[in-house]
Structure formats: C-alpha cells, structure tokens
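Trainee: Starting from these lines, generate the structure:
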Amino acid sequence: QVRLVESGGNLVQPGGALTLSCEASGSIFSIDSMGWYRQVQGKQRELVATITSDGVTNYTDSAKDRFAISRDNPTNAVYLRMTKLKPEDTAAYFCNAEIRPYIWVPYPRLFWGQGTQVTVSS
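Mentor: You can find the predicted model right below:
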C-alpha cells in the first residue's frame, strides 16, 4: 500500500514564507513525476508545480518566481518552498506522485496525499 503524507501547512502572514513537505511510503519500486496542487473549497483543484525524477520543474504562472519545488529521491520526498505569500494562496495543498509499486507493474499509477492547509492572513 502506498501512502503520501503532507506536512508543513500553517497560518502565515502576507509576504511570509512556508515550506511544505510530502513523503511517499509503502510499496514503491520507482517514482516518476511528483507535484503539488491546491484547492480552495468549492473550486477545482489546480496545479501549482511539478518535478520529474530528473529534476525538471514546471510551474503555474502564479507560482513562478515565488515558489520552488524540489525532491529528494532517496527518501521519496517532495517539497514546496513558498515565499512572498499572498492571501490568494490560501488553500489546501495536495501532493501527488506517479508511482510504480512493484517492478512487474509496467505503468505508474497516480497517488494523492490527504492535503495540508495553508492560510495567508494578517
């Protein structure tokens, strides 16, 4: 069984910074892309950033120049460093990962974490 667990969400003032962490555990043979998404209650979940196993990153326009995604392959972890936070960044943040649980599974499957709340407010 594969689990993704996020942590690091908190209440932070506008202009502040926060780092989110997500660690995958369980039956893992390999992990391809990992990513962060966010969702405001009542709205669709939206992409924030992704990172491939080779470290190639992709950001949504709202995250460019303020957020940085990184990963640590030996620990199956992905991070999101968020700076210059704005009230509109308030959301539940979810990580996901494309994981092959076993060597005999030919294609990766997408797994999600349970989310961590980020609130930007004075």
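Trainee: so what's Thr19 bridging to?
Mentor: Applying DSSP bridges to Thr19 gives these bridge partners: Arg81.
Trainee: what's the burial count for it?
Mentor: 14 (other Cβ atoms under 10 Å). Just so you know, the C-beta spots here come from the backbone N, C-alpha and C atoms, and that holds for glycine as well.
Trainee: right, and it touches Thr83 too?
Mentor: No - counting by Cβ atoms under 8 Å, Thr19 does not reach Thr83; the two are 9.5 Å apart.
Trainee: Mind listing the residues bridging to the residue nearest the centre of the chain?
Mentor: Central residue of the chain (Cα atoms, centre = their mean): Trp36, 2.8 Å from the mean position. Beta bridges link Trp36 to Ala49, Cys95, judged by DSSP bridges.
Trainee: Could I get the contacting residues of it?
Mentor: Leu20, Cys22, Val48, Ala49, Thr50, Ile69, Val78, Leu80, Tyr93, Phe94, Cys95 (Cβ atoms under 8 Å, 6 or more residues apart in numbering).
Trainee: rerun at 6 Å
Mentor: Listed by Cβ atoms under 6 Å, 6 or more residues apart in numbering, the contact partners of Trp36 are Val48, Ala49, Leu80, Cys95.
Trainee: Which single one of those residues is nearest to Ser30?
Mentor: Relative to Ser30, the closest of those is Cys95; by Cβ to Cβ it sits at 16.8 Å.
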